[in-house]
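Enquirer: need a 3D model of the sequence below.
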Amino acid sequence: MKKVIAIVEDEKDLNELVKRYLEKEEYEVRSYLDFDEAYSHTSDEDIHLWILDIMLGDKSGFDLIEAIRSYRSEVPVIFMSARDKEFDRIIGLEKGSDDYITKPFSPKELVLRVNNLIRRIYKDEAEHIKVDGYEIDEAQRIVIEDDK
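Expert: Numbers count the residues shown, from 1 in each chain. Prediction:
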């Protein structure tokens, strides 16, 4: 089962760039361009990780993380923001984020941070690796040919 990542970034080009990088890593990505759109999904049970911008018009990612945490305290959250002062990073971490990356950033670095959090948080779930038409179930130690 693909992990679901929610991106909340009001800059459309950056939102799309991050989405493409995550999709290359086989994540299902849901992208939201504003606070209100994302807020309506804060209680979604199938989101495995949130990536939040802090500055979202008249609301902020700080407000959004509070809504997310009120429904699901365990879901990982990464802030990505142009606000690069120590104070902003501290506030983000105090609000409950698991990581904080400042803009500009390498999309590959963000993907690696996402991969690390997903692997650490969801390590108990069975691992299925797909390679060249085969699926490997590590937990059961079996190999399955696709479409069989």
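
Enquirer: got the contact list for the residue nearest to E66 when sequence neighbours are not counted?
Expert: Spatial nearest neighbour of E66, excluding adjacent residues (CB to CB, 6 or more residues apart in numbering): K95 at 6.8 Å. The C-beta positions use only the backbone N, C-alpha and C, and glycine is treated the same way. Counting by CB atoms under 8 Å, 6 or more residues apart in numbering, K95 touches F62, I65, E66, R69.

Enquirer: closest one of those to E45?
Expert: When those are compared for distance to E45 (CB to CB), R69 wins out at 14.4 Å.

Enquirer: please enumerate the strands of this structure.
Expert: 4-8, 28-32, 49-52, 55-56, 59-60, 77-81, 99-102, 128-131, 134-137, 142-145 (DSSP state E).

Enquirer: for the third one, packing partners?
Expert: What that stands for is strand 49-52. Counting contacts by 3 or more CB pairs under 8 Å, 6 or more residues apart in numbering; DSSP states H and E, strand 49-52 packs against strand 4-8, helix 61-71, strand 77-81, helix 107-121.

Enquirer: so which of those is nearest E28?
Expert: strand 4-8 (4.8 Å).

Enquirer: could you check the angle the closest one makes with helix 61-71?
Expert: Interaxial angle, strand 4-8 versus helix 61-71 (axes from the mean of the first three to the mean of the last three CA atoms, to 10 degrees): 150 degrees.

Enquirer: same for strand 4-8, what does it pack against?
Expert: So strand 4-8, by 3+ CB pairs under 8 Å, 6+ apart, packs with helix 12-24, strand 28-32, helix 35-39, strand 49-52.
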